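Trainee: heads up, no residue letters with this:
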Ligand SMILES: Nc1ncnc2c1ncn2[C@@H]1O[C@H](COP(=O)(O)OP(=O)(O)OP(=O)(O)O)[C@@H](O)[C@H]1O
């Protein structure tokens, strides 16, 4: 993979205000150089005498030439104005006509050879590719400029519009290389063919496969994974989920695998603010636990056996509807949560996993940036997204290397632990980008992230070790704990530019807060259960007193025991609530500090 590099800087030719002024000055100088000197004029007049042509005074000749120059200059300005107007109007009066023209000029030198169906599919343990979506109707109405071009099957160029200090406009053309680059004409089927399809076969051979859709909100993640939209309804047949399902059921019936007696089960859930919500069970909350054998379990998650493509499609549709219901344009839940759809193969009648394919529609990557928001919920969402995307990058990069796998850095990587640890792992990341000029910064961030994922993933196979041996000594699993700060610390040391000390402290404070919240809610549940048992006992005790000769002594003794228990439960829960409140104010203080340092 080629280092993302600034390839060249294209200067406008006779474009831009400054360029036009410079050209005019140059031409004036040339004309002045061509104008005769006084000596030359005198020579001309003397020759006229010799030839008996009527004499003109040198003054008249000079004035005539000056007039001639003025006319030439006027004509030249007129031609330039016409040229400029033609360029401006070429793109329907687009205010960014200068950039459009520079991009057009740059692209006219490219020999475009995009990926076409039928080209061979390369097999990699990790595939990283980029998909550019077309400009949408809204963007076209806004006269957005398309600043991304895909010259061939693995290269992509971003024409970043820039201005110098003297306001001269220029393009910074940045070139990136990935395993595949899909332009705006590529269909979901084509993207599937080169990304997830090769992994389907691998799952039948026992692989743990994952396919991630990464990118900013609105870049096409859900379109690619879930299928094309027609208004609000989605055709799940032609998304990667649906296409992979079709092929899995086909292979299940194939002569090669029929005798394996495999059954498929599906699960669909989302991770929001570090919590897992089951999309197959009305968004019930499931819990992420890690046992002594370092096995991560999502407790309470529905896993449904499925026997046909239609059944899976119904699951995808109802899960997707549940995921997006209630969202508004301004506050889209789907872009703030990660959605994970999995198909697991097991030999019929056993619980052992034969192979698994997980499809992850990640939260919008720009959502991880708002860690200094006034709103605690937004801070928490952003912190979780930020941590999970950094953890994900590091986990993929650590694949197969003798390195600690920082999967406990986020809930996302924790639940996907099996996709990073093991001998038969296949991963594919599709980075989605929007082509518009206003998305340029997000597009470059997406491309840099995707580039970093693959950069270190290209490794010498001899270096591979048994990843089960990777865990650092003493790095014991935390039962029920949401995060492990060693992993967070490792993430920081690997990404110091993206995670300042203040941000690290903030992540830690938010993780602390989340852990305390989980403890409080768990406890609250237990307190409620206790109260449900307590009330009938208290009533029964009270009913004893209806008897004329009830045992007063026994009544008091039992009452003391019962209410001591109640007081203990109440006091301990009250203390836990106070600790939660302390964590809330600690998080607030750390966030204020982060905000101040962000402003500096
Ligand atoms: N390749 C494509 N061709 C045509 N339309 C597309 C393409 N990709 C995305 N779109 C359209 O762009 C819009 C945004 O796409 P989508 O919802 O998939 O984005 P997203 O990245 O999943 O956003 P979010 O993070 O908010 O969920 C949708 O209307 C979708 O139909």
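Mentor: Alright, I've got the coordinates. Here the structure is a predicted model, which is why all the values come from computation and not from measurement. Residues are numbered from 1 along each chain as shown.
Trainee: find the closest residue to the ligand in the chain.
Mentor: Taking CB to the nearest ligand atom, the ligand has its nearest neighbour within the chain at residue 220, 2.8 Å off. All C-beta spots, glycine's among them, are computed from the backbone N, C-alpha and C.
Trainee: hmm, that residue is touching residue 133, no?
Mentor: Yes. Contact criterion CB atoms under 8 Å: residue 220 and residue 133 qualify, at 4.1 Å.
Trainee: which neighbours do those two have in common?
Mentor: 432, 434 (CB atoms under 8 Å, 6 or more residues apart in numbering).
Trainee: ok, which stretches of the stretch 101-250 of the chain are helices?
Mentor: In the stretch 101-250 of the chain, helices defined by DSSP state H, counting those that start in this stretch lie at 137-141, 188-194, 197-204, 221-226, 240-252, listed in chain order.
Trainee: nope, the stretch 401-550 of the chain is what I meant
Mentor: Using DSSP H, counting those that start in this stretch, the helices found in the stretch 401-550 of the chain span residues 411-415, 440-455, 485-494, 501-544.
Trainee: next SSE downstream of the longest one?
Mentor: The one in question is helix 501-544. Where DSSP states H and E defines the elements, the next helix or strand beyond helix 501-544 is helix 552-599.
Trainee: on that earlier part again, buried deepest among the helices of the stretch 401-550 of the chain, which one?
Mentor: helix 411-415 (a mean of 26; mean count of other CB atoms under 10 Å).
Trainee: got the residues of the stretch 101-250 of the chain near the ligand?
Mentor: The interface of the stretch 101-250 of the chain toward the ligand, taken as CB under 6 Å from any ligand atom, is made up of 133, 134, 136, 215, 217, 218, 219, 220, 221, 222, 223, 229.
Trainee: do the chain as well
Mentor: Listed as neighbours of the ligand in the chain under the rule CB under 6 Å from any ligand atom: 133-134, 136, 215, 217-223, 229, 332, 334-335, 364, 432.
Trainee: make a PyMOL selection of the buried ones in the residues you listed.
Mentor: Buried residues among those (16 or more other CB atoms under 10 Å), as a PyMOL selection:
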select buried, resi 133+215+217+218+219+220+221+222+223+332+334+335+364+432
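Trainee: okay, and which of the residues of the chain next to the ligand map to strands?
Mentor: Among those, DSSP state E puts 215, 229, 432 in strands.
Trainee: could you dump those residues into JSON lines with distance to residue 284 and pLDDT added?
Mentor: Compiled in JSON lines, those are given as follows (distance: CB to CB, whole Å; pLDDT from 0 to 100):
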{"residue": "215", "distance to residue 284": "29", "pLDDT": "94"}
{"residue": "229", "distance to residue 284": "27", "pLDDT": "75"}
{"residue": "432", "distance to residue 284": "30", "pLDDT": "97"}
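Trainee: in stretch 580-594, what counts as buried?
Mentor: For stretch 580-594, the neighbour count (16+ other CB under 10 Å) marks 580, 583, 587, 590, 591, 594 as buried.
Trainee: and if you look at stretch 286-303?
Mentor: Here stretch 286-303 shows 286, 288, 289, 290, 296, 298, 301, 302 as buried, counting by 16+ other CB under 10 Å.
Trainee: give me phi/psi at the nearest residue to the last one once chain neighbours are set aside?
Mentor: Across the structure, with CB to CB, 6 or more residues apart in numbering as the measure, the residue nearest residue 302 apart from its sequence neighbours is residue 280 (4.1 Å). With angles defined as degrees, to the nearest 10, residue 280 sits at phi -100, psi 0.
Trainee: okay, now residue 280: neighbour count?
Mentor: 19 (other CB atoms under 10 Å).
Trainee: that one: what's it in contact with?
Mentor: Residue 280 neighbours (CB under 8 Å, 6+ apart): 266, 267, 268, 269, 302, 304, 315, 318, 319.
Trainee: neighbours of residue 597, how many?
Mentor: For residue 597, using other CB under 10 Å, the count is 14.
Trainee: now do the closest residue to residue 597 other than its chain neighbours against residue 590, distance only.
Mentor: Leaving aside its chain neighbours, residue 597 sits nearest to residue 502 (4.6 Å; criterion: CB to CB, 6+ apart). Remark: distance between residue 502 and residue 590 (CB to CB, to the nearest Å) = 8 Å.
Trainee: got it, and residue 178?
Mentor: Distance from residue 178 to residue 590, by CB to CB: 37 Å.
Trainee: do residue 132 as well
Mentor: 39 Å.
Trainee: go on, residue 507?
Mentor: Per CB to CB, residue 507 is found 9 Å from residue 590.
Trainee: now swap in residue 395 and tell me
Mentor: Here the distance between residue 395 and residue 590 works out to 26 Å (CB to CB).
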